[in-house]
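1. next one to model:
(one chain, ligands or ions: 2)
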Amino acid sequence: MLTGRNPAAMCVAEAPSSNSSTTLFGVVFVMDDPLTVSPDNTLKVIGRAQGVYTSASQKDVSLLIVFNFFFTEGKYNGSMLSVLRRNAPLEDLRELPILGGSGLFRFAQGYAHARTHYLDIVTGDAIVKYDVYVLHY
Ligand SMILES: *[C@@H]1O[C@H](CO)[C@@H](O)[C@H](O)[C@H]1NC(C)=O
Ligand SMILES: *[C@@H]1O[C@H](CO)[C@@H](O)[C@H](O)[C@H]1NC(C)=O
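-> Numbers count the residues shown, from 1 in each chain. Ligands and ions are numbered 1, 2, ... in the order given. Alright, predicted model coming up:
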């Protein structure tokens with residue numbers, strides 16, 4: 001969520017030319033989004049999706065995203081999964097590589113499928129559903 005009293009993503013840097021770019025090339029956001037069990041049950045928070053993303057294309061709307069799924073509940077409390085991704089937010093289904101993890105997710109490898117569940121074009125507020133598949137020890 002970008003709006004509200006406590007926005008979960010905010011712009012922290014930009015190039016002098018970013019505002020005149022149609023893709024906002026060079027803008028950097030930092031995010032701290034709640035992670036819930038499902039997109040329809042947004043009350044049960046089980047962790048955070050924390051990281052940065054930047055507009056990394058001069059031609060298309062395309063982001064470079066680096067973030068962790070950091071879990072705060074149950075046996076996965078304190079464990080995390082790390083994601084690195086080129087993301088075109090307007091694509092229906094995005095595949096994100098899981099590069100590694102820590103805690104119970106040590107040696108993790110896999111991928112996540114991301115789908116936009118809800119998007120308010122005007123404010124940029126969104127709910128994204130992640131289906132995560134990982135192998136770990
Ligand atoms: C870009 O536009 C935003 C919103 O209008 C403004 O706050 C910001 O200062 C502008 N940045 C530059 C580098 O011109
Ligand atoms: C998760 O771990 C932290 C740090 O050890 C602890 O403070 C917290 O109470 C734990 N949360 C749950 C839900 O077990």
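
2. so stretch 45-64, near ligand 2 or not?
-> No: Stretch 45-64 lies out of reach of ligand 2 by Cβ under 6 Å from any ligand atom, never closer than 9.2 Å. All C-beta atoms are positioned from the backbone trio N, CA, C, and that covers glycine.

3. nope, stretch 65-78 is what I was after
-> Yes: contact of stretch 65-78 with ligand 2 (Cβ under 6 Å from any ligand atom) involves Thr72, Glu73, Asn77, Gly78.

4. grab the nearest non-local neighbour of the second one.
-> Spatially, and ignoring its direct neighbours in sequence, Glu73 is nearest to Ile46 (4.3 Å; Cβ to Cβ, 6 or more residues apart in numbering).

5. sorry, back to before: out of the residues of stretch 65-78 next to ligand 2, grab the one that's most surrounded.
-> Of all the residues of stretch 65-78 next to ligand 2, the most densely surrounded is Thr72 (15 neighbours; neighbours counted as other Cβ atoms under 10 Å).

6. leaving out sequence neighbours, find the closest residue to that residue.
-> Thr72 sits nearest to Gly47 (Cβ to Cβ, 6+ apart), 5.0 Å away.

7. any idea how far the one you found lies from ligand 1?
-> Per Cβ to the nearest ligand atom, to the nearest Å, Gly47 is found 32 Å from ligand 1.

8. for the chain, what lies in contact range of ligand 1?
-> Proximity of the chain to ligand 1 (Cβ under 6 Å from any ligand atom) is limited to residues Glu14, Pro16, Asn19.

9. out of those residues, which are buried?
-> The neighbour-count test (16 or more other Cβ atoms under 10 Å) applied to the residues of the chain next to ligand 1 identifies Glu14 as buried.

10. tell me who's in contact with Tyr53.
-> Val28, Phe29, Met31, Leu63, Leu64, Ile65, Val66, Phe67, Asn87 (Cβ atoms under 8 Å, 6 or more residues apart in numbering).

11. alright, calling it a day.
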